[in-house]
Structures are given as C-alpha cells and as structure tokens.
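Novice: Model the structure of this input:
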Amino acid sequence: MKKSYLFIVILVLACSKEFPEPSQIIDQTLPSEPILPPVTSDLSGFPCVDGKAGIYPCLGYDLLSKISLETFGSEAANDNWGWTDPETTKEYVLSGLDDGTAFIDISDPENPIFLGKLPTATSTSSWRDIKVYQNYAFIVSEAPDHGLQVFDLTQLRSVIEPQTFLADAKLTDFGNAHNIWINQESGYAYVFGTKLYEGGPLFINVNNPLDPKVEGGYSADSYTHDGQIVMYDGPDLLFKGREILFGSNSDGGENNQIIIIDVTEKSRPVKISNLNYSFSGYAHQGILTEDQKFFFLGDELDELQYGSPTHTRVFDLSSLSNPKSHLSYFGGVNAIDHNGYVVGNKFYLASYTAGLRVLDISQVENKNLKEIGFFDTYPPNNNPKFNGVWNVYPFFNSGIIAINDIDSGLFLVKPSDKDE
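Specialist: Next comes the predicted model:
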C-alpha cells in the first residue's frame, strides 16, 4: 500500500498501517491481565426452524452455542482459526480479540469451555490474525511493536481452570502486520502488511516453531493485504511442485489486483503474473478451489462504492501466466464480503452483517454458483457496513463451523441434521 493512501484506508477499511522500527528481541514479559474466571457458553441449543435459530436468521445451520465478548472480557472480536489435537482429537477454537487471543475447547460444542487468553503482545488493536503449524499458533496484529507471537497449543491439554497464558516465543523483526498464512507443506509463514518489503509478503521459516527466522520477502508489487501459499498441484504443468503465492494487492486506490509469485527460492522470488479487475474498491482476500484451478476473490469496498449486492469474483488460473476473469457472483443481500474459504465443493464466506453464507461451487466450471445455506449473527440488517462476521473457520472434521462476530463474540454452528 502506498503511504499516501494510508489515512483513508484506516478510516474506511480497517487496515491500520503503523510501522515501528524492527528489532531482534525475543520478549516473554509476563502479561498484567488477571486470571480469568471459569465460564462456558452463554447460549446453546437452537435448531434452525422456519428460518430462525432463536433470534438469528438461518437456512440449514443450527446454533450449537455462543460465547459473548463480555465472557471473554474483550471489546471486539476479529479473526479466528482452529486446532485439532492430534493425540486427543479434541477440537479447539482460537478466537482473535482486540486484546488478545482466546482458546476454547469445543469437544462438547453445546458446552464449549473458555480455557483462557493469550494477551496482546503490546497494546490493543481491532486487527489480529492467527494460523496454526505443528501444534503451535502464530499470531500477528496491527498493534504497534507486536511482532509474531508463538504459542504451544499442546499446553491446552492440561488446563483445569481458565488462565492468562504466556507466549512461548516472539519474533520482532517487524512491528505490526495485518495478516499471516502458513504453508503446511513447506513450513514457511508469510506475513503481510509490515513495514518491511514495502508491505509485501515477508517469508519466515517456522520449521522450528520456537525459533522463527526471516529469510526474505517480496516488494515489487508493494502492499499485499492477504495471500494463500501452496505447493502447486494445479492444471498448469509448468509450475507443478513449485511453491506459489496468490496475493490480494491494493494500493488503496484504483490499483487492485491478484498477484501470482513463485516463492520457491526465498532469496529470489519470481513474479509469474498479475491481473487487475474492473469496478474495484479494495482487493481484500482470496482462496483457491481444491483443484487449484479457480481463485475466489473478495473486494471489501466495491459494495459500498458501487452499490452492488455482495460480489464475489472468480478467476480462472488454468494458466498461471495468463489468469482470466471467469465469473462474477452476486449474492441476494448487500452486505460486504470479508474472508472466504473452500472445503470440497462449498465456499464459506464471512459476509459481515449477513453472517456466514455458504455456496455450492460444484458447477463453478459452468459459471454457476448457488447459495445453499447461511447463519446470520447480526439480525438488525444486511446493510453494507463493518459490523457482524469477520471470519469463519470451516475446517473441523466434526463439521462444526466457528464464526467470529465483531460485535457479539464466538458462535458455533453446524449443518442441520437433514443437511448432513
């Protein structure tokens, strides 16, 4: 992102970019927050009947439970992720909050247990992002001087009462950051939106999770807001087996695009291609289909700027050197789209005031997408504003979907029995 656009984007988009000086300090200072009281869920057990689960509009998804922001002791929620313990198979939600990261045992999803919180490394912030690798959580934030927190999730096995946790390691080569993605196959974390590399992706070796090391970055296309990195196994035979980054880039103005970078050699990343698109507002986040042929992109400002219904763009990446626009899907509401993820033939979209929206993408090749379900955690309206759902996590084997609502906290939902 060019610095001239910085102030506008902070006000409109929630993408603060304060850039403190980097350092090399590993900081494990004890947090000042008190021990947390034991709590479970605030609300549970509402099936979706006649379009409602309690007060929440729904289609095909039941409410299992909810944990409020008051219970977490926080003012706002943001990103979330999940972890499944490989030894116990218990499922846990890692819930991003303005003042830290909460850990919730959801092995009994109607009675989830709040295990405690890892406080923010420095100050509070509306932006926090979390990913998991080898039983460790990796956390970044827009809080100044925050850096990368590393937390050993296996210690959750022995928690018998809620507590305030410590980070197991911290990397402060950078200060604030906006997003993080981890390639599970290569063991590299990619951090976006730092001061380093013009805000482009930062490459961090996390194969030893407690000793993360910066090994390079990419700056040629300036600010990258978010990205997905894979060991490529898609239709373009030229890049089979290469580590490829798919980024959502914006300069805060009219230059919104997806970028495709070969990051196999961390000291020498190579740009493959980029693609701009029309009627853009802010390229926010995108995700590949499982066959790596199509890329679903969310633009966070087009609904506001152009008055369109919720707009998801789909790009055909059959040729990584020549990506093409494939399809524009418009939802039935006017809410702003945020983060989306693909599991099989379903696309799970966090759509702010419209909540979780679920699309059948099995016919994407034929340019046909269909909404098949939703759970709306923000009942007042579906207007294009920055309330409601920030992120959804749909990857649990149990089928439970964890929804982080900015204004209300954590919701756990699951497909209604007839839809399973």
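Novice: Residue most distant from the centroid, this structure?
Specialist: residue 50 (30.9 Å; CA atoms, centre = their mean).
Novice: Tell me which residues of stretch 135-144 come out buried.
Specialist: For stretch 135-144, the neighbour count (16 or more other CB atoms under 10 Å) marks 135, 136, 137, 138, 139, 140, 141, 142, 143 as buried. Backbone N, C-alpha and C define where each C-beta goes, glycine included.
Novice: and if you look at stretch 100-113?
Specialist: For stretch 100-113, the neighbour count (16+ other CB under 10 Å) marks 100, 101, 102, 103, 104, 105, 106, 109, 112, 113 as buried.
Novice: Give me the average confidence score over it.
Specialist: The average pLDDT within stretch 100-113 is 97.
Novice: Output it as CSV - backbone C-alpha positions only.
Specialist: What follows is stretch 100-113, C-alpha atoms only, in CSV (Å, rounded to 0.1, in the frame of the first residue of the first chain):
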residue,chain,number,x,y,z
GLY,A,100,-5.5,-11.0,22.7
THR,A,101,-6.3,-14.5,21.6
ALA,A,102,-8.8,-16.7,23.4
PHE,A,103,-8.7,-20.5,23.4
ILE,A,104,-11.9,-22.5,23.6
ASP,A,105,-12.3,-26.3,23.9
ILE,A,106,-15.3,-27.3,21.7
SER,A,107,-15.1,-31.0,22.1
ASP,A,108,-18.7,-30.6,23.5
PRO,A,109,-19.9,-27.9,21.1
GLU,A,110,-23.1,-27.2,23.0
ASN,A,111,-21.0,-26.5,26.2
PRO,A,112,-17.7,-25.1,25.0
ILE,A,113,-15.1,-24.2,27.6
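Novice: what's in contact with it?
Specialist: With contact meaning CB atoms under 8 Å, 6 or more residues apart in numbering, stretch 100-113 is reached by 33, 40-41, 44-45, 64-65, 67, 72, 74, 90-95, 114-120, 128, 130, 137, 139, 149, 151, 153, 156, 165, 396, 398, 400, 402, 410, 412, 414.
Novice: What subset of those residues is buried?
Specialist: Neighbour-count burial (16+ other CB under 10 Å) applied to these gives 33, 40-41, 44, 64-65, 67, 72, 74, 91-95, 114-120, 128, 130, 137, 139, 149, 151, 153, 156, 165, 396, 400, 402, 410, 412, 414.
Novice: Strands - which of those residues land there?
Specialist: 44, 64-65, 67, 91-95, 114-119, 128, 130, 137, 139, 149, 151, 402, 410, 412, 414 (DSSP state E).
Novice: hang on, isn't residue 167 packed against residue 148?
Specialist: No. Here residue 167 does not reach residue 148: they are 9.3 Å apart, not a contact under CB atoms under 8 Å.
Novice: neighbour-wise, which of these two wins?
Specialist: Set residue 167 next to residue 148 and count neighbours by other CB atoms under 10 Å: residue 148 wins out with 26 against 22.
Novice: How many residues are close by the residue nearest to that one when sequence neighbours are not counted?
Specialist: Spatial nearest neighbour of residue 148, excluding adjacent residues (CB to CB, 6 or more residues apart in numbering): residue 171 at 4.2 Å. The number of residues packed near residue 171 is 25, by other CB under 10 Å.
Novice: The one 5 residues further on now?
Specialist: Look at residue 176: counted by other CB under 10 Å, it has 23 neighbours.
Novice: cool, and the one 5 residues further on?
Specialist: Applying the criterion other CB under 10 Å, we find 21 residues in the vicinity of residue 181.
Novice: That one belongs to a helix?
Specialist: No. Looking at residue 181 with DSSP: H, G, I helix; E, B strand; the rest coil, it is strand, so not inside a helix.
Novice: one step back: doesn't residue 146 make contact with the residue nearest to residue 148?
Specialist: No. Shown here, residue 171 and residue 146 do not form a contact pair, counting by CB under 8 Å, at 10.4 Å.
Novice: Report the separation between residue 63 and residue 105.
Specialist: Counting by CB to CB, to the nearest Å, the separation of residue 63 from residue 105 is 18 Å.
Novice: shouldn't residue 289 be in contact with residue 315?
Specialist: No. Here residue 289 does not reach residue 315: they are 10.6 Å apart, not a contact under CB under 8 Å.
Novice: excluding its backbone neighbours, what's nearest residue 225?
Specialist: Spatial nearest neighbour of residue 225, chain neighbours left out: residue 248 (5.1 Å); criterion: CB to CB, 6+ apart.
Novice: Please work out how many residues are found near that neighbour.
Specialist: 26.
Novice: Over to residue 78?
Specialist: 23.
Novice: Also residue 378?
Specialist: Around residue 378 there are 23 residues (other CB under 10 Å).
Novice: Low-confidence regions, the stretch 301-420 of the chain specifically.
Specialist: Low-confidence segments of the stretch 301-420 of the chain (pLDDT under 70): 418-420.
Novice: ok, now with 50
Specialist: The stretch 301-420 of the chain contains residues with pLDDT under 50 at 419-420.
Novice: can you give me the helices in it?
Specialist: 302-306 (DSSP state H, counting those that start in this stretch).
Novice: can you give me the strands for it?
Specialist: For the stretch 301-420 of the chain, the strands defined by DSSP state E, counting those that start in this stretch cover 311-316, 324-330, 340-343, 346-350, 356-363, 368-375, 389-393, 401-405, 409-415.
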